[in-house]
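[1] Fold the following, please.
(3 chains)
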Amino acid sequence: MVSTLVAQAPEATVLSDELRAAIDREIARFPEPRGALLAALRLVQDELGCIAPPTARAVAEIFGLHPAEVLEVLSFYNLFHTEPQGRHEVRVCTNLACSLRGARTLLRELEEHLGIRAGQTTPDGRVTLGHEECLGACGYAPMLRIGDRYHEELDGPAARALVDGLP
Amino acid sequence: MPTITVDGRRLEVPEGSTLLQALDELGLLMNGVDVPHYCWHPKLSVDGSCRLCQVEIEGVPKLQIACDTPVADGMVVHTTSERVQRAREGVMELLLVNHPLDCPICDQAGECKLQDYAVDYGLDHARTREPRRPGRKRVELGPTIVFDEERCILCRRCVRFCREVPETGELVVENRGDRSRITTFPGTPLDNPYSMNVADVCPVGALTTRDFRFKVRVWDLDEVPGLCTGCSKGCNVHVGVARGAVQRYTPRRNDQVNETWICDEGRLSYREIGAPDRITRPAVRDAEGRMQPVSIARAIERAAERIRAAVLREGPAVVAALASPHATNEDLTELRRLLDGIGTATSGAAVVEGEPDGLLLQAERAGNARGARDLGFGDPGLVFEKIRGGGVRVLLVMGRDLLAEPFLGGTDPLASLDAVILLDTHRSALEQVADVVIPGRMLAEKGGSMTNHAGLVQRVPAALEPAFDAHAEGAVLARLRAALELVLPARSEGAA
Amino acid sequence: MGQTAPHVCGYLTERFSDDAFGSFAGYREAGGYETARHALNRMTPEEVIAVVKSSGLQGRGGASFPAGLKWSFMPTDDEGPSYLVCNADESEPGSFKDRLLMERGPHQLLEGLLIAAWAVGAETTFLYVRGEYAEAASVLARAIGEARAKGVLGPRALGSDFGHDVVLVRGAGAYICGEETGLLESLEGKKGQPRRKPPYPAQRGAFGRPTTVNNVETFCHVPHILKNGADWFRGIGTEQSPGTLLFGVSGHVVRPGLYELPLGTRLDEILFEYAGGVPGGRRVKGVIPGGISTPILPAGLLDVRMANEFLRERHTLLGTGGIMVMDETTCMVRVGCIASGFFRDESCGQCTQCREGTGWLDQLLHRLERGDGSDGDLALLGDVADKMEGGTICSFADAAAWPVQGLLRHFGDEFAGHVSARGCPLDQSFAL
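    So this is what the prediction gives:
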């Protein structure tokens, strides 16, 4: 029986004053506070690495929402994570334009090179490898992003070199 | 009022309503005009996502969902055209693509809208041979509700219920696409005083109550209209009876009273009917002070003896009665006739009060408090005063509410009376001071009418016979009156 | 960035190779913001709308809805605030034009926004940028800062009585937020689930207020239309589809990238003249003309002008102008797998047909690709796609069904071949 009754006690992460202030600045940009929810989740994730349930609860308290509503939002969007990711997020675009130019072969090569499957993180916590739907770089395929940065017109060796160069 | 035509039938419909609302208000929905639907619920906001209620409207090229289409004068609607049937069939097939089709072991079987609609509107065979999406089984969403994810069709009625009725919002849909699933936030379970209604709004077997799960197959259940007697709201229920016992209450729709809801406490109050502490046998106190089981006739005879003796000795004013606010108007009418016959007016009803919740639960925690008041059984304060002052010798007690604060708080004030005649359904400390104990019946065991807080009189039939020798209080009181009239013919007030 | 300017430029992109064009100073030097200054100070909103209407400008976000008409839906008697929303959630596979327009011409976009805001009477523009577009967001943030500092935005925009500000909002990764009401939900801090319509955004849009939503490229055309006139604009492109479009060409071509060309340019011309044809001397097999949602065209049907009035005759659409080219080695079942996998991932999950249908199509196509298909599967595939079409809250389910319908229409034999060969008979195809 899967029970939510014995799950962790409702504990909320204490967010730093700086983070709180940054969230308040975001809230001020919208006609209704809730408009800033995505921005707040992004800020919190950038600072803490992921949005674990106690963090989601803290965000919910700021916005006066039920924590489940925050869960609903953050689970809807690709860019939010509820579990810690590697130091570097490497995501290969595998949509059609990139796949026509070998993106899926490239992803297999990176999997082999790193010894992990897409969706996994290297044991040392350095790299999380994944695939992504179209990143809007179809003319420069294949490509991947590392964190926020795009790397385009790649081949196997270039992609491996990029990943090897990550601290 | 706009007039629309549905399947060739001209209907006057309420202005500003949607097609489904209009059909619902006219009592035609699924009862003459079949527009199957999952996400739409008459008492929840429109969701428009299941897409099953598509109908054809003349002049509109695409099929429209009836739940979100406002009526307009002159609108011509077709609900049975081939296009509509094809669209329904398509939606039904897609809904069933990932459904486990485990009806034989599903608790909802027999009252499942997926099962019903699949038979009425679906294909007769499955065309998918893909593996069905696995989901979590037997998830305890909270203390009252168990969730089977594989059976869920994501109509989101439960989500909207929690947001819109108790406004607690514990349930959400997480993820997106075909990974969408109903869930709670870790550490914040589905736990509110109305939580079990999600099992009623769930059109399939995904949400079930822990209370009723696997207790009995619904087709073995006899459903009889009843009332919840937990408070003065008078929520309408279906009394589900099987194997000679009440197995559950489910809310019965009444837009004037409880719409389609009932509070969890009220829903579970059916347990009082089959509770182990029911009074099951008439008894009278013997010369040694022990209670001895007797026949109902003997118990009534003893009660009559006690009343007769007191009246002959000190006059009718020393007889008092405390009416039960849980009794029916019929019971209470008999009590009133009895008291009139004896010639006493010393009576009242003790009504326990609590906090109202702003939704259904009323302050007065008795189903017929208003009915009792309307029949003259008001504030019991004077009765208690008279008891404490020694002015009462025989007390006829219906129900045990007087034991609660702020009333007597206990049985001590009753110890000095000549006799306490107790007519009640459940055991209590009153038995220790009673001279005569006569078992009563719960509403579901006798039927009758009650008057709710707003003055609405609601009558329901009996749903089952008790397994023991109990009689409706009204019948007992009528027999007691008959027994007294034998020796007190035409006695009138003040004749002592 | 792959390109700083398209391979072929037009009025939208002719200055993109100049880095300075991205700065306020450089944009001003090129005459930037003069059109907006004129519009805000010398034209009424009605006059602006009239020009845009008569220009025939159609939305460039995929639906090709007439922009001026959309603007005219805004209520004029409403007392409270109303909003303009720039849909910069570019996510249609095959489409990568808006990213360049934002990264290389942020002030051109801001000028378009300002003129549109004046026309529809919006006090604030929400510029909703796709979450993954970090570079575009940072370029735009800088440009908005400059525009505020220079009085282009603010309580007296460009010296007029019109107060306006642009609020930059970043998405968080969900294709469906490109659907305008999904975007509005996301803007309000919710899941990006499209809304039922009516009410339309012009009645109840962002935060419950009247709102106009247009795509990045649509706004970028506006200053040029105002500056040069509706007739000038109508002189470019086709009669029904005027102006240029920033075509994205990708897949099996010699010179992939962006090309700003008049609408109505022939597809085979774009493919062979501009993009250099298929590399390695191979032949083209099929082309998706307007992003992954638009049905594919086989090699024999590429002599078509790129505008909806011509593409419709061939059962496809212009979409966002994202042209994806497949050579003769390409397995079309795999193309279907990628499309269906994408739509399965990105469906918001509200409507039954979409939530369940995208998954079913994906499973069916992958089974065919593995060689596990049976004769009935092709008919079933088409039937499932047909059942998904036309009955949902938004057009996402349609967009998921169209590519499958197109592939079956033109490559049905190849699909059947996967059944009879119990697998993919094309040994040179790209890997799945």
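
[2] Can you tell me, leaving aside adjacent residues, what's nearest to the spatially most central residue of chain A?
    Centroid-nearest residue in chain A: residue A:79, 4.0 Å away (criterion: CA atoms, centre = their mean). Among residues not flanking residue A:79 along the chain, residue C:173 sits closest, at 3.9 Å (CB to CB, 6 or more residues apart in numbering or on different chains). (C-beta placed from N, C-alpha, C; glycine too.)

[3] tell me the SS of that neighbour?
    coil (DSSP: H, G, I helix; E, B strand; the rest coil).

[4] residue contacts, it?
    By CB atoms under 8 Å, 6 or more residues apart in numbering or on different chains, the residues touching residue C:173 are A:77, A:78, A:79, A:80, C:131, C:132.

[5] Narrow those residues to those that are buried.
    A:77, A:78, A:79, A:80, C:131, C:132 (16 or more other CB atoms under 10 Å in any protein chain shown).

[6] part of a helix, is residue A:161?
    Yes - under three-state DSSP, residue A:161 sits within a helix.

[7] residue ranges with poor pLDDT in the chain?
    No chain in the question, so chain A it is. By pLDDT under 70, the low-scoring segments of chain A are A:1-9.

[8] please go with chain C instead
    Along chain C, the model assigns pLDDT under 70 to residues C:1.

[9] Could you give the separation of the longest helix along chain B from the chain centroid?
    As assigned by DSSP state H, the longest helix anywhere in chain B is helix B:296-314. Centre-to-centre, helix B:296-314 and its host chain are 37 Å apart (CA atoms, centre = their mean, to the nearest Å).

[10] same check, this time on stretch C:321-331
    19 Å.

[11] how long is it from one end to the other?
    23 Å (CA to CA, to the nearest Å).

[12] Give me the buried positions along that stretch.
    Of the residues in stretch C:321-331, C:321, C:322, C:323, C:324, C:325, C:326, C:327, C:329, C:330, C:331 count as buried by neighbour count, 16+ other CB under 10 Å.

[13] Point me to the helix or strand that includes residue C:245.
    Using DSSP states H and E, the element containing residue C:245 is strand C:244-251.

[14] what's that strand packed up against?
    helix A:96-100, helix C:97-104, strand C:257-262, strand C:322-327 (3 or more CB pairs under 8 Å, 6 or more residues apart in numbering or on different chains; DSSP states H and E).

[15] Can I get these in a markdown table including distance to residue C:363?
    What follows is those, written out as a markdown table (distance: least, CB to CB, whole Å):
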| stretch | distance to residue C:363 |
| --- | --- |
| helix A:96-100 | 19 |
| helix C:97-104 | 33 |
| strand C:257-262 | 35 |
| strand C:322-327 | 23 |
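
[16] And the strands in the stretch 151-300 of chain C?
    C:165-170, C:211-215, C:244-251, C:257-262, C:284-288, C:297-298 (DSSP state E, counting those that start in this stretch).

[17] deepest of the ones you listed, which one?
    Ranked by mean neighbour count, those are led by strand C:244-251 with a mean of 28 (mean count of other CB atoms under 10 Å in any protein chain shown).

[18] now the angle between strand C:322-327 and it, please.
    Angle of strand C:244-251 versus strand C:322-327, following axes from the mean of the first three to the mean of the last three CA atoms, to 10 degrees, is 30 degrees.

[19] how does the chain divide into domains?
    I'll assume chain A. A:17-76, A:88-164 (automatic domain parsing).

[20] my bad, chain C
    According to automatic domain parsing, the domains of chain C span C:19-230, C:244-327, C:332-420.

[21] Make TSV out of the strands of the stretch 151-300 of chain C and add distance to residue C:338.
    Shown next, in TSV, are those (distance: least, CB to CB, whole Å):
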stretch	distance to residue C:338
strand C:165-170	27
strand C:211-215	24
strand C:244-251	11
strand C:257-262	21
strand C:284-288	11
strand C:297-298	17
